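> fold the following and give me the result.
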Amino acid sequence: MKDVPFILLPQGSYQRRIADTIFEKYEIHPPVILESRTVELATELAALGEGCAVCGETYLYFSKMKNLDVLSLEKEAEPYRFGVAVLPENKDSKAAQVFIDFCKEIVKPLPFSIVGD
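Predicted coordinates:
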């Protein structure tokens, strides 16, 4: 992969940190032909054959793009963490609990770790 062109998100983004960490770990310095602010553009360009992109599996799960070859980095990267923020005075409300339970059901099949219980 050291000579394969990459379309990456900007420095500081989660996916870029993952990509840079893996590149460092394997001591490869692939050409970055474009830095895109959006994962949509990066993956669209990858789907057109312009290079490789790094994006979250959640994005690919919901994506309608079918012509991508996907390599999972499951062992290289920790899953996204999912949490629901609730004001302290609302944390015990029935509505908050119903919403939290709903979110837990939605994210079960996705590559998320759930924060708290």
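> any idea how far the longest helix seen in the chain is from the chain center?
For the chain, the longest helix by residue count, based on DSSP state H, is helix 94-107. On the basis of CA atoms, centre = their mean, to the nearest Å, helix 94-107 is displaced by 22 Å from the centre of the chain it belongs to.
> buried ones in it?
Under the neighbour-count criterion of 16 or more other CB atoms under 10 Å, helix 94-107 has Ile100 buried. Every C-beta, even on glycine, is put in place using the N, C-alpha and C of the backbone.
> OK, contacts around the nearest residue to Ala19 once chain neighbours are set aside?
Among residues not flanking Ala19 along the chain, Val54 sits closest, at 4.3 Å (CB to CB, 6 or more residues apart in numbering). For Val54, the contact set (CB atoms under 8 Å, 6 or more residues apart in numbering) comprises Phe6, Leu8, Leu9, Gln15, Arg16, Ile18, Ala19, Ala42, Leu73.
> break this structure down into its domains, please.
6-62, 80-114 (automatic domain parsing).
> got the end-to-end distance for stretch 47-60?
By CA to CA, to the nearest Å, the extent of stretch 47-60 from end to end equals 12 Å.
> what segments of this structure are strands?
Using DSSP state E, the strands of the chain run over 6-8, 32-35, 52-53, 80-82, 112-114.
> list the helices and strands the longest one packs on?
Strand 32-35 makes packing contacts with strand 6-8 when contacts are defined by 3 or more CB pairs under 8 Å, 6 or more residues apart in numbering; DSSP states H and E.
> again, but for the third one
Secondary structure elements in contact with strand 52-53, counted by 3+ CB pairs under 8 Å, 6+ apart, are strand 6-8, helix 39-47.
> need the winner for burial among the domains of the chain.
domain 6-62 (a mean of 15; mean count of other CB atoms under 10 Å).
> any idea of the mean pLDDT in it?
The average pLDDT for domain 6-62 rounds to 87.
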